[in-house]
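**Q** predicted coordinates and the sequence they were generated for:
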Amino acid sequence: MQAAAVAAVAGGFKMLENGCSWYETNHLGGCLRLASPRPECLESARRAPAARGGGDGGESGRERHSLAVIMPYRGAGGVDDLRELCANLPVHLTRLGIRHRLYLVRQVDERPFNRGALVNAAVRLLAQGQPGPTHRFEFDYLAVHDIDRLPVLGGGDTHGGRASACSNATAEYYSFPLVYPRVMHPLSLAGGVLVLQRSQFESVRGFSNEFWGWGEEDNDLFLRLRWCGWAPRHGPQLDTCMEHRDCLLCARQKRMLDPVELRAHERRAREQLEQPARHLDPAYDGLFTVNFTLRGRSRRRCGQHNVHVLSVELHRTAAGSLAGTSSSTTRHNTRIPSLYMILMKTMIGRLIEASMHD
């Protein structure tokens, strides 16, 4: 059944002749690519705090960019969940000479996991100088990073000889994205690991805060970026050079997906398609409306490096921030099935077909 699941998801992300995946073409309004970013998005990016701060001067007068790696997390941050990432990612970034800092943003309330709101909270806190004045970090791009995805390290015969073959690809993964955001998940449009300019993230108002429970928040962010003309591009050789080691807690969270929440996720994605520019309003659901309380901050060892831990309690926002087309007036043919639902239907169909041939 696991093989069938992987095949079903891979089929959804099969690239068509139009240059977009089957899933985007059929369920996210078609293959929409702009020749250049929209002027209003560029203007918004220019006004963003990141555009005024940016990177600092590097060696030989060359601009040096600074990367904030933001890892949303639900748990105690135990060694078992972070060991592999801490042994891998900081080493990789240091070898490449990338100025970076690691942030683990922990959700400490009893509400369902909200990946998007956690990232919004972290960006807001960093903009305010957290985790403290002595640790202030000016960054001009960020990586929204799941804790169970990591690049294959180069410089050895590990991973069955893949390391040396992946060295060029993985060197590109975390470099500053000059135009388009970069996604390091072969079966996602903006999930897993997403690297983008801070000004772009602020321009589209970050993630929605209303995706409680696993899934779909990355599709909403993808729609915001795509409308602006910044549809993420996939990094090279992701099938072999980016590893996915699903942590036990991550897998448990995915199995706890509430069908009611899933249908609400689909409705929100549908509304984003029908009102694609609404996220440009700073008062609309996103980075500047996230409702949270910082409950603590600390530093922990992460391999030979440190990770800054931000413990955050999230609060639900007013439903009014999601005003859009009501379910009673929504056209039936604009319904957006999540990839999860497509996957389950495909798996069931294949199981029935297999049983008929037994």
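**A** Cool, got the structure.
**Q** low-confidence ranges, the stretch 251-358 of the chain, go.
**A** Counting by pLDDT under 70, the ranges of the stretch 251-358 of the chain that qualify are 251-258, 261-262, 318-358.
**Q** again but with the stretch 1-150 of the chain, I slipped
**A** 1-12, 49-63, 76-80, 131-135.
**Q** now do the strands in it.
**A** In the stretch 1-150 of the chain, the strands defined using DSSP state E, counting those that start in this stretch lie at 56-57, 63-64, 66-73, 99-107, 141-145, 149-151.
**Q** and if you look at the stretch 151-300 of the chain?
**A** So, for the stretch 151-300 of the chain - with DSSP E, counting those that start in this stretch - the strands run 182-183, 193-197, 233-234, 242-244, 292-302.
**Q** out of these, which comes closest to Asn209?
**A** strand 292-302 (9.0 Å; Cβ to Cβ). Bear in mind the C-beta positions are built from the backbone N, C-alpha and C, glycine included.
**Q** outside of the closest one, which residues touch it?
**A** Contact partners of strand 292-302, identified using Cβ atoms under 8 Å, 6 or more residues apart in numbering, comprise 77, 82, 85-86, 90, 102, 104, 108, 117, 121, 124-125, 130-132, 306-315.
**Q** highest mean neighbour count out of the strands of the stretch 151-300 of the chain?
**A** With neighbours taken as mean count of other Cβ atoms under 10 Å, the strands of the stretch 151-300 of the chain reach their highest mean count in strand 193-197, at a mean of 24.
**Q** ok, now which ones touch His185?
**A** Applying Cβ under 8 Å, 6+ apart to His185 gives the contacts 149, 191-193, 238, 242.
**Q** and if we set it to 10 Å?
**A** Residues near His185 by Cβ atoms under 10 Å, 6 or more residues apart in numbering: 13, 146, 149, 191-194, 218, 232, 234-235, 238, 242, 244.
**Q** out of the residues you listed, which one sits closest to Leu42?
**A** Of all the contacts of His185, Pro232 has the smallest distance to Leu42: 17.2 Å, by Cβ to Cβ.
**Q** could you double-check that the closest one lies in contact with Val204?
**A** No. Pro232 is beyond contact range of Val204, at 11.6 Å (criterion: Cβ atoms under 10 Å).
**Q** overlap in contacts, the two.
**A** Counting by Cβ under 10 Å, 6+ apart, the common neighbours of Pro232 and Val204 are 196, 221, 225-226.
**Q** sorry, back to before: ok, which of the strands of the stretch 1-150 of the chain comes nearest Gly30?
**A** Ranking those by proximity to Gly30 (Cβ to Cβ) places strand 141-145 first, at 25.4 Å.
**Q** in its sheet, what does that closest one sit against?
**A** Under the criterion DSSP bridges, strand 141-145 sits next to strand 66-73 (parallel), strand 193-197 (antiparallel) in its sheet.
**Q** export those to CSV and tack on distance to His265?
**A** Output for the strands paired with strand 141-145, formatted as CSV (distance: least, Cβ to Cβ, whole Å):
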stretch, distance to His265
strand 66-73, 17
strand 193-197, 18
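**Q** return the residues in contact with Pro276.
**A** Applying Cβ under 10 Å, 6+ apart to Pro276 gives the contacts 29, 32, 223-224, 226-228.
**Q** ok, the closest residue to Thr170 other than its chain neighbours to Ala269 distance?
**A** Leaving aside its chain neighbours, Thr170 sits nearest to Pro151 (4.2 Å; criterion: Cβ to Cβ, 6 or more residues apart in numbering). Separation of Pro151 from Ala269 (Cβ to Cβ, to the nearest Å): 29 Å.
**Q** tell me how many other residues surround the residue nearest to Ala48 when sequence neighbours are not counted.
**A** Excluding its sequence neighbours, the residue lying closest to Ala48 (Cβ to Cβ, 6+ apart) is Glu202, at 3.9 Å. Using other Cβ atoms under 10 Å, Glu202 is surrounded by 22 other residues.
**Q** how close does Glu202 get to Glu217?
**A** Computed as Cβ to Cβ, the Glu202 to Glu217 distance reads 17 Å.
**Q** again with Ile98
**A** From Ile98 to Glu217 the distance is 26 Å (Cβ to Cβ).
**Q** residue contacts, the residue nearest the centre of the chain?
**A** In the chain, the C-alpha nearest the mean C-alpha coordinate belongs to Gly191, at 4.1 Å (Cα atoms, centre = their mean). The contact partners of Gly191, by Cβ under 10 Å, 6+ apart, come to 115, 144, 146, 149, 183-185, 215-219, 221-222, 232, 339.
**Q** now do 7 Å
**A** By Cβ atoms under 7 Å, 6 or more residues apart in numbering, the residues touching Gly191 are 185, 218.
**Q** okay, it: pLDDT?
**A** With respect to pLDDT, Gly191 scores 92.
**Q** for Arg101, see how far away it is.
**A** Gly191 sits 22 Å away from Arg101, going by Cβ to Cβ.
**Q** repeat for Arg263
**A** Distance, Arg263 to Arg101, using Cβ to Cβ: 38 Å.
**Q** between the two, who's got more neighbours?
**A** Using other Cβ under 10 Å, the more surrounded residue of Arg263 and Arg101 is Arg101, with 20 against 14.
**Q** distance check, the more buried one against Thr94.
**A** 12 Å.
**Q** noted, bye for now.
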